[in-house]
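how would this look folded up:
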Amino acid sequence: MYNVIIIGSDLQFDEKFKTIIAESNINATSFKTISQANKHIKDASAIIITNEMSADKGFGEFIRRTEDIPKLVVMKESPMRGLNKWTRSDLIYPILTPSHKELLFYINKAIADSEIYHKYAELKNDFLIAKNDLVLYEEMNRSLTASLDLDEIIDNFMKLIVDNANAKEWSLYFYDEEEKGLFLEKTHRKSQKRSKNDRLKLGEGIAGWVAQEGHPIIIPDSSRDKRISAKSKKEKVIQNKSIICVPLKSKGDLIGVLEVFNKKKNVPFSKHDLDIIQKIADYASIAIERASLYQKMADLAITDDLTKLFNSRYLNRTIEIELTRCERYNTSVSLIFMDLDYFKEINDQHGHLVGSKVLVELGQLLIKGLRSVDIVSRYGGDEFVIVLPQTSPTVATEIADRLRISINRHIFLKKDGLNLKLTASFGIASYPESAGSKEELLRLADEAMYEVKNRTRDGVYTIKASS
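The predicted structure follows:
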(Lines give C-alpha, C1' and ligand atoms only; values in the text may rest on other atoms or scores of the structure.)
Protein backbone atom coordinates (compact mmCIF):
# COMPACT_ATOMS: atom_id res chain seq x y z
CA MET A 1 0.00 0.00 0.00
CA TYR A 2 1.24 3.51 -0.88
CA ASN A 3 1.28 6.26 1.75
CA VAL A 4 0.16 9.74 0.65
CA ILE A 5 0.55 12.76 2.92
CA ILE A 6 -1.79 15.71 2.41
CA ILE A 7 -0.62 19.08 3.79
CA GLY A 8 -2.72 22.27 3.92
CA SER A 9 -5.79 23.59 5.75
CA ASP A 10 -7.76 23.83 2.50
CA LEU A 11 -6.92 20.27 1.47
CA GLN A 12 -9.23 18.51 3.95
CA PHE A 13 -10.71 16.12 1.39
CA ASP A 14 -14.16 14.69 1.98
CA GLU A 15 -15.05 11.11 2.77
CA LYS A 16 -15.79 10.38 -0.88
CA PHE A 17 -12.20 11.16 -1.89
CA LYS A 18 -10.80 9.11 1.00
CA THR A 19 -12.98 6.18 -0.10
CA ILE A 20 -11.74 6.50 -3.71
CA ILE A 21 -8.07 6.48 -2.80
CA ALA A 22 -8.52 3.71 -0.22
CA GLU A 23 -9.97 1.52 -2.98
CA SER A 24 -6.84 2.30 -5.05
CA ASN A 25 -4.53 0.79 -2.39
CA ILE A 26 -3.51 4.22 -1.15
CA ASN A 27 -3.41 5.29 2.50
CA ALA A 28 -3.92 9.09 2.93
CA THR A 29 -3.08 11.14 6.03
CA SER A 30 -3.92 14.86 6.33
CA PHE A 31 -1.95 17.57 8.19
CA LYS A 32 -2.59 21.30 8.41
CA THR A 33 1.07 22.40 8.47
CA ILE A 34 4.49 21.20 7.31
CA SER A 35 5.81 21.02 10.88
CA GLN A 36 3.00 18.61 11.80
CA ALA A 37 3.77 16.40 8.78
CA ASN A 38 7.58 16.41 9.16
CA LYS A 39 7.95 13.24 11.25
CA HIS A 40 5.77 11.26 8.78
CA ILE A 41 7.46 12.39 5.58
CA LYS A 42 10.09 9.62 5.44
CA ASP A 43 7.37 6.99 4.84
CA ALA A 44 5.53 8.97 2.15
CA SER A 45 5.11 7.63 -1.39
CA ALA A 46 3.74 11.04 -2.52
CA ILE A 47 2.89 14.42 -0.98
CA ILE A 48 -0.01 16.72 -1.84
CA ILE A 49 0.35 20.41 -0.93
CA THR A 50 -1.00 23.80 -1.97
CA ASN A 51 0.98 26.54 -3.69
CA GLU A 52 0.36 28.78 -0.66
CA MET A 53 2.58 26.50 1.44
CA SER A 54 5.64 28.17 -0.12
CA ALA A 55 5.13 31.04 2.33
CA ASP A 56 5.74 28.71 5.27
CA LYS A 57 8.99 29.37 7.23
CA GLY A 58 10.33 25.83 6.90
CA PHE A 59 9.29 25.37 3.30
CA GLY A 60 12.77 25.64 1.72
CA GLU A 61 14.19 22.97 4.03
CA PHE A 62 11.08 20.84 3.42
CA ILE A 63 11.66 20.92 -0.37
CA ARG A 64 15.34 19.96 0.07
CA ARG A 65 14.53 17.06 2.39
CA THR A 66 11.81 15.67 0.11
CA GLU A 67 13.49 16.14 -3.28
CA ASP A 68 13.22 12.40 -4.03
CA ILE A 69 9.49 12.20 -3.07
CA PRO A 70 6.94 13.19 -5.75
CA LYS A 71 4.81 16.23 -4.84
CA LEU A 72 1.45 17.28 -6.27
CA VAL A 73 0.96 21.04 -5.97
CA VAL A 74 -2.72 21.98 -6.03
CA MET A 75 -3.07 25.51 -7.47
CA LYS A 76 -6.10 27.82 -7.49
CA GLU A 77 -5.08 29.85 -10.50
CA SER A 78 -3.48 29.23 -13.88
CA PRO A 79 0.06 27.82 -13.62
CA MET A 80 1.17 30.26 -16.32
CA ARG A 81 0.61 33.13 -13.87
CA GLY A 82 1.25 31.51 -10.52
CA LEU A 83 3.98 28.98 -11.29
CA ASN A 84 7.01 29.31 -8.96
CA LYS A 85 10.59 28.27 -9.75
CA TRP A 86 10.58 25.47 -7.21
CA THR A 87 7.66 23.76 -8.96
CA ARG A 88 9.80 23.21 -12.06
CA SER A 89 11.96 20.60 -10.33
CA ASP A 90 11.78 16.86 -11.06
CA LEU A 91 8.92 14.95 -9.39
CA ILE A 92 6.84 18.13 -8.78
CA TYR A 93 3.46 18.29 -10.53
CA PRO A 94 1.45 21.58 -10.51
CA ILE A 95 -2.28 20.82 -10.88
CA LEU A 96 -5.05 23.43 -11.30
CA THR A 97 -8.10 22.72 -9.06
CA PRO A 98 -8.27 19.00 -9.87
CA SER A 99 -11.32 16.80 -9.43
CA HIS A 100 -11.11 13.70 -7.24
CA LYS A 101 -10.50 11.46 -10.26
CA GLU A 102 -7.87 13.82 -11.70
CA LEU A 103 -6.06 13.95 -8.38
CA LEU A 104 -6.11 10.18 -8.11
CA PHE A 105 -4.72 9.92 -11.66
CA TYR A 106 -1.86 12.27 -10.84
CA ILE A 107 -1.12 10.48 -7.56
CA ASN A 108 -0.69 7.18 -9.44
CA LYS A 109 1.30 8.89 -12.20
CA ALA A 110 3.59 10.61 -9.67
CA ILE A 111 4.23 7.33 -7.82
CA ALA A 112 4.94 5.49 -11.10
CA ASP A 113 7.21 8.31 -12.32
CA SER A 114 9.02 8.25 -8.97
CA GLU A 115 9.80 4.55 -9.31
CA ILE A 116 11.15 5.14 -12.84
CA TYR A 117 13.11 8.18 -11.60
CA HIS A 118 14.75 6.22 -8.78
CA LYS A 119 15.48 3.29 -11.08
CA TYR A 120 17.11 5.70 -13.52
CA ALA A 121 19.14 7.24 -10.68
CA GLU A 122 20.33 3.76 -9.66
CA LEU A 123 21.26 2.89 -13.25
CA LYS A 124 23.06 6.22 -13.61
CA ASN A 125 24.96 5.59 -10.39
CA ASP A 126 25.82 2.04 -11.54
CA PHE A 127 27.02 3.46 -14.86
CA LEU A 128 29.26 6.01 -13.12
CA ILE A 129 30.68 3.26 -10.87
CA ALA A 130 31.31 1.05 -13.92
CA LYS A 131 32.90 3.99 -15.75
CA ASN A 132 35.16 4.75 -12.78
CA ASP A 133 36.02 1.06 -12.47
CA LEU A 134 36.97 0.97 -16.15
CA VAL A 135 39.30 3.95 -15.69
CA LEU A 136 40.74 2.30 -12.58
CA TYR A 137 41.27 -1.02 -14.42
CA GLU A 138 43.05 0.80 -17.24
CA GLU A 139 45.34 2.51 -14.72
CA MET A 140 45.96 -0.81 -12.95
CA ASN A 141 46.77 -2.53 -16.26
CA ARG A 142 49.27 0.21 -17.05
CA SER A 143 50.84 -0.18 -13.61
CA LEU A 144 50.88 -3.95 -14.03
CA THR A 145 52.87 -3.83 -17.26
CA ALA A 146 54.87 -0.62 -16.76
CA SER A 147 57.79 -2.13 -14.87
CA LEU A 148 59.37 -5.24 -13.41
CA ASP A 149 61.06 -3.26 -10.65
CA LEU A 150 59.41 -4.16 -7.33
CA ASP A 151 59.82 -0.73 -5.71
CA GLU A 152 58.35 1.01 -8.75
CA ILE A 153 55.42 -1.43 -8.86
CA ILE A 154 54.63 -0.83 -5.18
CA ASP A 155 54.82 2.95 -5.62
CA ASN A 156 52.52 2.85 -8.67
CA PHE A 157 49.83 0.76 -6.99
CA MET A 158 49.99 2.65 -3.70
CA LYS A 159 49.52 5.92 -5.57
CA LEU A 160 46.33 4.43 -7.03
CA ILE A 161 45.10 3.56 -3.53
CA VAL A 162 45.96 6.98 -2.10
CA ASP A 163 44.25 8.75 -5.01
CA ASN A 164 41.14 6.55 -5.22
CA ALA A 165 40.52 5.86 -1.52
CA ASN A 166 41.81 9.22 -0.21
CA ALA A 167 44.18 7.47 2.17
CA LYS A 168 46.89 9.30 4.12
CA GLU A 169 49.24 6.49 5.19
CA TRP A 170 50.03 2.87 4.33
CA SER A 171 52.29 -0.04 5.20
CA LEU A 172 53.09 -3.08 3.08
CA TYR A 173 54.17 -6.36 4.67
CA PHE A 174 55.52 -9.39 2.80
CA TYR A 175 54.99 -12.92 4.06
CA ASP A 176 58.06 -14.98 4.98
CA GLU A 177 57.20 -18.64 4.38
CA GLU A 178 60.21 -19.95 6.30
CA GLU A 179 59.62 -17.85 9.43
CA LYS A 180 55.81 -18.02 9.15
CA GLY A 181 55.53 -14.29 9.76
CA LEU A 182 55.41 -10.84 8.15
CA PHE A 183 58.22 -8.36 7.56
CA LEU A 184 57.74 -4.70 6.73
CA GLU A 185 58.67 -4.16 3.08
CA LYS A 186 57.70 -0.51 2.55
CA THR A 187 55.65 2.37 3.99
CA HIS A 188 54.43 5.79 2.85
CA ARG A 189 57.50 7.22 4.59
CA LYS A 190 60.16 6.98 1.88
CA SER A 191 62.96 7.53 4.37
CA GLN A 192 61.86 4.78 6.77
CA LYS A 193 64.45 2.01 7.01
CA ARG A 194 63.49 -1.61 7.50
CA SER A 195 64.77 -3.38 10.59
CA LYS A 196 64.47 -6.75 12.31
CA ASN A 197 61.95 -5.19 14.68
CA ASP A 198 59.53 -4.59 11.81
CA ARG A 199 58.29 -8.17 11.94
CA LEU A 200 54.96 -9.64 13.00
CA LYS A 201 53.98 -13.20 13.80
CA LEU A 202 50.83 -14.68 12.34
CA GLY A 203 47.92 -13.48 14.47
CA GLU A 204 49.91 -10.59 15.95
CA GLY A 205 48.28 -7.20 15.56
CA ILE A 206 45.95 -6.21 12.73
CA ALA A 207 48.22 -7.29 9.85
CA GLY A 208 49.11 -10.57 11.56
CA TRP A 209 45.42 -11.29 12.18
CA VAL A 210 44.51 -10.64 8.53
CA ALA A 211 47.42 -12.82 7.37
CA GLN A 212 46.24 -15.62 9.63
CA GLU A 213 42.51 -15.36 8.83
CA GLY A 214 42.97 -14.59 5.15
CA HIS A 215 40.21 -12.01 4.70
CA PRO A 216 40.08 -8.17 4.73
CA ILE A 217 38.73 -5.96 7.53
CA ILE A 218 37.65 -2.36 8.11
CA ILE A 219 38.34 -0.83 11.53
CA PRO A 220 36.59 2.55 12.00
CA ASP A 221 38.54 3.34 15.20
CA SER A 222 41.70 1.41 16.08
CA SER A 223 41.56 2.55 19.72
CA ARG A 224 38.49 0.35 20.19
CA ASP A 225 39.94 -2.77 18.57
CA LYS A 226 41.23 -5.44 20.95
CA ARG A 227 43.71 -6.72 18.34
CA ILE A 228 45.74 -3.56 19.00
CA SER A 229 48.11 -4.60 21.77
CA ALA A 230 51.53 -3.63 23.08
CA LYS A 231 53.11 -6.12 20.70
CA SER A 232 51.29 -4.76 17.67
CA LYS A 233 52.86 -1.32 18.14
CA LYS A 234 55.42 -2.71 15.72
CA GLU A 235 52.79 -2.07 13.07
CA LYS A 236 53.24 1.67 13.66
CA VAL A 237 49.52 1.75 14.55
CA ILE A 238 48.51 4.97 16.32
CA GLN A 239 45.33 5.15 18.37
CA ASN A 240 42.14 6.60 16.90
CA LYS A 241 42.95 5.63 13.34
CA SER A 242 40.61 4.24 10.73
CA ILE A 243 42.21 1.20 9.12
CA ILE A 244 41.62 -1.02 6.12
CA CYS A 245 43.74 -4.16 6.03
CA VAL A 246 43.67 -6.65 3.14
CA PRO A 247 45.65 -9.82 2.40
CA LEU A 248 47.67 -10.02 -0.82
CA LYS A 249 47.29 -13.41 -2.46
CA SER A 250 48.51 -15.09 -5.62
CA LYS A 251 46.88 -18.34 -6.73
CA GLY A 252 45.41 -18.67 -3.24
CA ASP A 253 48.77 -18.36 -1.47
CA LEU A 254 49.52 -15.48 0.90
CA ILE A 255 52.28 -13.17 -0.34
CA GLY A 256 51.70 -10.20 1.98
CA VAL A 257 49.35 -7.83 3.78
CA LEU A 258 48.47 -4.22 2.99
CA GLU A 259 47.40 -1.77 5.72
CA VAL A 260 45.90 1.60 4.82
CA PHE A 261 45.51 4.18 7.60
CA ASN A 262 43.37 7.31 7.99
CA LYS A 263 41.22 8.74 5.29
CA LYS A 264 41.72 12.37 4.33
CA LYS A 265 39.39 14.80 6.17
CA ASN A 266 39.63 12.37 9.12
CA VAL A 267 36.51 10.36 8.27
CA PRO A 268 36.37 6.55 8.67
CA PHE A 269 36.89 4.30 5.67
CA SER A 270 33.73 2.92 4.04
CA LYS A 271 32.75 -0.37 2.40
CA HIS A 272 33.21 1.42 -0.93
CA ASP A 273 36.82 2.27 0.03
CA LEU A 274 37.42 -1.38 0.91
CA ASP A 275 36.05 -2.48 -2.48
CA ILE A 276 38.43 -0.08 -4.27
CA ILE A 277 41.45 -1.11 -2.18
CA GLN A 278 40.64 -4.81 -2.64
CA LYS A 279 40.45 -4.40 -6.42
CA ILE A 280 43.79 -2.61 -6.53
CA ALA A 281 45.34 -5.10 -4.10
CA ASP A 282 44.29 -8.02 -6.34
CA TYR A 283 46.08 -6.45 -9.31
CA ALA A 284 49.05 -5.48 -7.12
CA SER A 285 49.39 -9.12 -5.99
CA ILE A 286 49.72 -10.24 -9.62
CA ALA A 287 52.30 -7.52 -10.35
CA ILE A 288 54.32 -8.26 -7.19
CA GLU A 289 54.33 -11.99 -7.89
CA ARG A 290 55.37 -11.31 -11.49
CA ALA A 291 58.21 -9.00 -10.42
CA SER A 292 59.37 -11.48 -7.75
CA LEU A 293 59.40 -14.30 -10.31
CA TYR A 294 61.38 -12.16 -12.73
CA GLN A 295 63.84 -11.26 -9.96
CA LYS A 296 64.25 -14.94 -9.04
CA MET A 297 64.96 -15.78 -12.67
CA ALA A 298 67.46 -12.93 -12.88
CA ASP A 299 69.08 -14.09 -9.63
CA LEU A 300 69.34 -17.66 -10.94
CA ALA A 301 71.30 -16.35 -13.92
CA ILE A 302 73.92 -14.62 -11.78
CA THR A 303 73.94 -16.57 -8.49
CA ASP A 304 75.34 -19.88 -7.38
CA ASP A 305 72.62 -22.47 -6.67
CA LEU A 306 74.22 -23.74 -3.47
CA THR A 307 75.69 -20.74 -1.64
CA LYS A 308 73.45 -18.02 -3.23
CA LEU A 309 76.63 -16.00 -3.80
CA PHE A 310 77.33 -14.53 -7.22
CA ASN A 311 78.57 -16.96 -9.87
CA SER A 312 81.45 -16.70 -12.34
CA ARG A 313 79.21 -15.13 -15.01
CA TYR A 314 78.46 -12.18 -12.72
CA LEU A 315 82.08 -12.09 -11.55
CA ASN A 316 83.40 -11.57 -15.09
CA ARG A 317 80.89 -8.77 -15.73
CA THR A 318 81.80 -7.09 -12.41
CA ILE A 319 85.55 -7.20 -13.10
CA GLU A 320 85.02 -5.60 -16.53
CA ILE A 321 82.95 -2.80 -14.98
CA GLU A 322 85.52 -2.19 -12.24
CA LEU A 323 88.43 -2.09 -14.70
CA THR A 324 86.57 0.54 -16.74
CA ARG A 325 85.95 2.55 -13.56
CA CYS A 326 89.66 2.31 -12.65
CA GLU A 327 90.67 3.77 -16.01
CA ARG A 328 88.12 6.56 -15.76
CA TYR A 329 88.87 7.63 -12.18
CA ASN A 330 92.52 6.51 -11.88
CA THR A 331 91.84 4.09 -8.99
CA SER A 332 92.70 0.48 -8.19
CA VAL A 333 90.72 -2.74 -7.93
CA SER A 334 92.03 -5.79 -6.10
CA LEU A 335 91.08 -9.44 -6.48
CA ILE A 336 91.26 -12.09 -3.77
CA PHE A 337 91.39 -15.72 -4.89
CA MET A 338 90.55 -18.01 -1.94
CA ASP A 339 90.59 -21.78 -1.61
CA LEU A 340 89.80 -23.92 1.45
CA ASP A 341 92.62 -26.07 2.77
CA TYR A 342 92.07 -29.86 2.79
CA PHE A 343 88.38 -29.47 1.97
CA LYS A 344 88.43 -32.91 0.27
CA GLU A 345 88.92 -34.47 3.71
CA ILE A 346 85.60 -32.96 4.86
CA ASN A 347 83.79 -34.63 1.95
CA ASP A 348 85.63 -37.92 2.43
CA GLN A 349 84.99 -38.11 6.21
CA HIS A 350 81.51 -36.64 6.47
CA GLY A 351 80.02 -36.83 2.97
CA HIS A 352 79.21 -34.29 0.28
CA LEU A 353 76.02 -33.08 2.02
CA VAL A 354 78.07 -31.90 5.01
CA GLY A 355 80.60 -30.39 2.62
CA SER A 356 77.82 -28.42 0.92
CA LYS A 357 76.59 -27.12 4.29
CA VAL A 358 80.13 -25.97 5.10
CA LEU A 359 80.32 -24.01 1.84
CA VAL A 360 76.96 -22.30 2.54
CA GLU A 361 78.12 -21.32 6.04
CA LEU A 362 81.44 -20.11 4.66
CA GLY A 363 79.64 -17.90 2.13
CA GLN A 364 77.71 -16.16 4.93
CA LEU A 365 80.91 -15.76 6.95
CA LEU A 366 82.65 -14.05 4.01
CA ILE A 367 79.72 -11.65 3.47
CA LYS A 368 79.80 -10.62 7.14
CA GLY A 369 83.54 -9.90 6.94
CA LEU A 370 83.38 -7.74 3.82
CA ARG A 371 82.22 -4.22 2.99
CA SER A 372 78.90 -3.54 1.29
CA VAL A 373 80.73 -2.52 -1.93
CA ASP A 374 82.70 -5.76 -2.14
CA ILE A 375 81.54 -8.61 -4.39
CA VAL A 376 82.03 -12.24 -3.36
CA SER A 377 81.43 -15.10 -5.79
CA ARG A 378 81.81 -18.84 -5.83
CA TYR A 379 84.29 -19.67 -8.58
CA GLY A 380 83.84 -23.42 -8.43
CA GLY A 381 84.09 -26.22 -5.88
CA ASP A 382 85.61 -24.70 -2.74
CA GLU A 383 87.17 -21.74 -4.56
CA PHE A 384 85.88 -18.21 -4.02
CA VAL A 385 86.81 -14.91 -5.69
CA ILE A 386 86.33 -11.53 -4.01
CA VAL A 387 86.34 -8.23 -5.91
CA LEU A 388 87.46 -5.21 -3.87
CA PRO A 389 86.61 -1.97 -5.73
CA GLN A 390 88.84 1.10 -5.21
CA THR A 391 91.20 -0.95 -3.02
CA SER A 392 94.98 -0.88 -3.06
CA PRO A 393 97.09 -4.07 -2.70
CA THR A 394 98.00 -3.08 0.89
CA VAL A 395 94.38 -2.70 2.01
CA ALA A 396 93.40 -5.86 0.10
CA THR A 397 96.07 -7.79 2.03
CA GLU A 398 94.66 -6.53 5.33
CA ILE A 399 91.14 -7.56 4.32
CA ALA A 400 92.30 -11.02 3.21
CA ASP A 401 94.20 -11.58 6.44
CA ARG A 402 91.15 -10.53 8.45
CA LEU A 403 89.04 -13.08 6.55
CA ARG A 404 91.71 -15.74 7.07
CA ILE A 405 91.65 -15.20 10.86
CA SER A 406 87.85 -15.20 10.89
CA ILE A 407 87.73 -18.59 9.11
CA ASN A 408 90.51 -19.96 11.33
CA ARG A 409 88.58 -19.07 14.50
CA HIS A 410 85.13 -20.11 13.26
CA ILE A 411 83.54 -23.42 14.27
CA PHE A 412 81.54 -24.81 11.32
CA LEU A 413 78.28 -26.76 11.65
CA LYS A 414 78.16 -26.18 15.39
CA LYS A 415 74.37 -26.55 15.38
CA ASP A 416 74.74 -29.99 13.78
CA GLY A 417 77.15 -31.05 16.52
CA LEU A 418 80.10 -31.54 14.13
CA ASN A 419 82.25 -28.59 15.31
CA LEU A 420 84.50 -28.55 12.25
CA LYS A 421 87.62 -26.38 11.93
CA LEU A 422 88.96 -25.07 8.62
CA THR A 423 91.66 -22.86 7.17
CA ALA A 424 91.98 -21.17 3.79
CA SER A 425 94.67 -19.90 1.42
CA PHE A 426 94.42 -16.41 -0.13
CA GLY A 427 96.03 -14.94 -3.25
CA ILE A 428 95.84 -11.25 -4.22
CA ALA A 429 96.42 -9.36 -7.45
CA SER A 430 95.56 -5.75 -8.27
CA TYR A 431 94.83 -3.61 -11.30
CA PRO A 432 96.76 -1.68 -12.51
CA GLU A 433 99.53 -2.38 -9.97
CA SER A 434 100.26 -5.99 -10.94
CA ALA A 435 97.86 -6.85 -13.78
CA GLY A 436 96.98 -5.16 -17.04
CA SER A 437 93.77 -6.98 -17.99
CA LYS A 438 90.86 -8.97 -16.58
CA GLU A 439 92.40 -12.28 -17.66
CA GLU A 440 95.76 -11.40 -16.11
CA LEU A 441 94.12 -10.23 -12.89
CA LEU A 442 92.35 -13.60 -12.44
CA ARG A 443 95.43 -15.59 -13.43
CA LEU A 444 97.79 -13.75 -11.09
CA ALA A 445 95.40 -13.95 -8.12
CA ASP A 446 95.01 -17.70 -8.78
CA GLU A 447 98.79 -18.14 -8.96
CA ALA A 448 99.21 -16.17 -5.74
CA MET A 449 96.74 -18.49 -3.99
CA TYR A 450 98.67 -21.57 -5.19
CA GLU A 451 101.85 -19.95 -3.92
CA VAL A 452 100.32 -20.16 -0.42
CA LYS A 453 99.09 -23.71 -1.05
CA ASN A 454 102.58 -24.81 -2.02
CA ARG A 455 104.17 -23.17 1.02
CA THR A 456 102.30 -23.19 4.30
CA ARG A 457 98.56 -22.98 3.54
CA ASP A 458 96.42 -20.84 5.92
CA GLY A 459 98.11 -17.71 4.60
CA VAL A 460 97.95 -14.67 2.31
CA TYR A 461 100.19 -13.91 -0.64
CA THR A 462 100.03 -10.67 -2.65
CA ILE A 463 101.50 -10.24 -6.13
CA LYS A 464 103.93 -7.33 -6.05
CA ALA A 465 103.48 -4.36 -8.32
CA SER A 466 105.12 -4.79 -11.71
CA SER A 467 108.02 -2.47 -12.39
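
Burial check on the closest residue to Ser406 other than its chain neighbours, number of neighbours?
Closest residue to Ser406 apart from its sequence neighbours, by Cβ to Cβ, 6 or more residues apart in numbering: Gly369 at 5.1 Å. Heads up, the C-betas are built off the backbone N, CA and C, glycines and all. As a burial measure, Gly369 scores 18 neighbours (other Cβ atoms under 10 Å).

Would you mind listing the buried residues in the helix or strand where Glu345 lies?
Assigned by DSSP states H and E, Glu345 falls within helix 343-350. Buried residues in helix 343-350, counted by 16 or more other Cβ atoms under 10 Å: Phe343, Ile346, His350.

Ser312: which of those residues is nearest?
Proximity of those to Ser312 (Cβ to Cβ) peaks at Phe343, which lies at 18.3 Å.

so how far is Glu383 from that closest one?
Distance, Phe343 to Glu383, using Cβ to Cβ, to the nearest Å: 10 Å.

Equivalent analysis for Ala301, please.
Distance of Ala301 to Glu383, given as Cβ to Cβ: 20 Å.

So if I had to pick from the two, which one is more boxed in?
Neighbour tally, Ala301 and Glu383, criterion other Cβ under 10 Å: the higher count belongs to Glu383, 17 against 10.

Quickly list the domain ranges of the protein.
What the record gives for the chain is the domain set 2-116, 147-300, 312-462, from automatic domain parsing.

Start and end of the last one, how far apart?
It stands for domain 312-462. Domain 312-462 has its terminal residues 22 Å apart, counting by Cα to Cα, to the nearest Å.

can you give me the helices in the protein?
Using DSSP state H, the helices of the chain run over 15-23, 34-37, 59-65, 79-82, 100-146, 150-165, 205-213, 271-302, 312-329, 343-350, 352-368, 393-409, 438-455.

Quick check: which of those is buried the most?
Per-stretch averages of neighbours, counted by mean count of other Cβ atoms under 10 Å, single out helix 205-213 among the helices of the chain, with a mean of 22.

For that helix, enumerate the helices and strands it packs against.
With contacts defined as 3 or more Cβ pairs under 8 Å, 6 or more residues apart in numbering; DSSP states H and E, helix 205-213 has these neighbours: strand 167-176, strand 181-187, strand 199-201, strand 217-219, strand 243-250, strand 253-263.

thinking again about what came up before, dump the domains of the chain to a markdown table, plus mean pLDDT.
Output for the domains of the chain, formatted as a markdown table (pLDDT from 0 to 100):
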| stretch | mean pLDDT |
| --- | --- |
| domain 2-116 | 79 |
| domain 147-300 | 79 |
| domain 312-462 | 94 |
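
between those domains, which gets nearest to Leu128?
Nearest of the domains of the chain to Leu128, taken as Cβ to Cβ: domain 147-300 at 12.3 Å.

now the closest one, how far from the chain's geometric center?
In terms of Cα atoms, centre = their mean, to the nearest Å, the centre of domain 147-300 is set 5 Å apart from its chain centre.

Go ahead and name everything in contact with the helix holding Glu345.
Val354, Gly355, Val358, Gly381, Asp382, Leu418, Leu420, Leu422 (Cβ atoms under 8 Å, 6 or more residues apart in numbering).

again with stretch 101-121
Contacting residues not belonging to stretch 101-121 are listed as 2, 4, 17, 20-21, 24, 26, 45-46, 48, 68-72, 74, 90-91, 93, 95, 98 [Cβ under 8 Å, 6+ apart].

are any of the residues you listed buried, and which?
Buried members of these, scored by 16+ other Cβ under 10 Å, are 2, 4, 17, 20-21, 26, 45-46, 48, 69-72, 74, 91, 93, 95, 98.

Filter the residues you listed down to the ones in strands?
Among the buried ones among the contacts of stretch 101-121, the ones falling in strands (DSSP state E) are Tyr2, Val4, Ile26, Ala46, Ile48, Lys71, Leu72, Val74, Tyr93, Ile95.

contact partners of stretch 359-366?
Identification of contacts with stretch 359-366 by Cβ under 8 Å, 6+ apart yields 306-309, 340, 376, 378, 382, 384, 386, 403, 406-407, 410, 412-413, 422.

one more time with 6 Å
Stretch 359-366 is contacted by residues Thr307, Leu309, Val376, His410, Phe412 when judged by Cβ atoms under 6 Å, 6 or more residues apart in numbering.

surely the second one meets Arg378?
It refers to Leu309. Yes. Leu309 lies in contact with Arg378 (Cβ atoms under 6 Å); the separation is 4.9 Å.

so what sits against both of these two?
Shared contacts of Leu309 and Arg378 (Cβ under 6 Å, 6+ apart): none.

quick one: contacts for the closest residue to Lys186 other than its chain neighbours?
The shortest distance from Lys186 to any non-neighbouring residue, by Cβ to Cβ, 6+ apart, is to Leu172 (4.9 Å). Contacts for Leu172 (Cβ under 6 Å, 6+ apart) come out as Glu185, Lys186, Leu258.

Neighbours of the last one, how many?
The reference is to Leu258. For Leu258, the count of nearby residues is 26 (other Cβ under 10 Å).

and it, how far is that from Leu104?
58 Å.

and what of the second one?
Taking Cβ to Cβ as the criterion, Lys186 is separated from Leu104 by 66 Å.

ok, now which ones touch Asn166?
Lys263, Lys264.

Kindly report the same for Asp56.
Counting by Cβ under 6 Å, 6+ apart, the residues that Asp56 touches are Ile34.

try Val4
Ile26, Ala28, Ala46.

Endpoint to endpoint, stretch 257-277 covers what distance?
Terminal residues of stretch 257-277 lie 12 Å apart, using Cα to Cα.

residues making contact with that stretch?
Applying Cβ under 6 Å, 6+ apart, the contact partners of stretch 257-277 are 161, 164-173, 207, 210-211, 218, 220, 241-247, 281.

cutoff 8 Å now
For stretch 257-277, contacts defined as Cβ under 8 Å, 6+ apart pick out 136, 161, 164-173, 175, 182, 206-207, 210-211, 216, 218, 220-221, 235, 237-238, 241-248, 281, 284.

next one: stretch 396-405
Contacts for stretch 396-405 (Cβ under 8 Å, 6+ apart): 334-336, 338, 366, 369-370, 374, 386, 388, 391, 423-424, 426, 428, 430, 458-460, 462.

how about the residue lying closest to Thr29 once chain neighbours are set aside, what does it touch?
In space, Thr29 comes closest to Ile5 once its chain neighbours are excluded; the distance is 5.6 Å by Cβ to Cβ, 6+ apart. Shown in contact with Ile5 (Cβ under 8 Å, 6+ apart): Ala28, Thr29, Phe31, Ala37, His40, Ile41, Ala44, Ala46, Ile47, Ile48.

Would you write a ChimeraX line that selects the buried entries of the residues you listed?
A single ChimeraX command is used to select the members of those judged buried by 16+ other Cβ under 10 Å:
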select :28,31,37,41,44,46,47,48
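
Dig out what Thr303 forms beta bridges with.
Beta bridges link Thr303 to Phe310, judged by DSSP bridges.

swap in Lys249?
With DSSP bridges as the rule, Lys249 is bridged to Leu254.

Sweet, I'm off.
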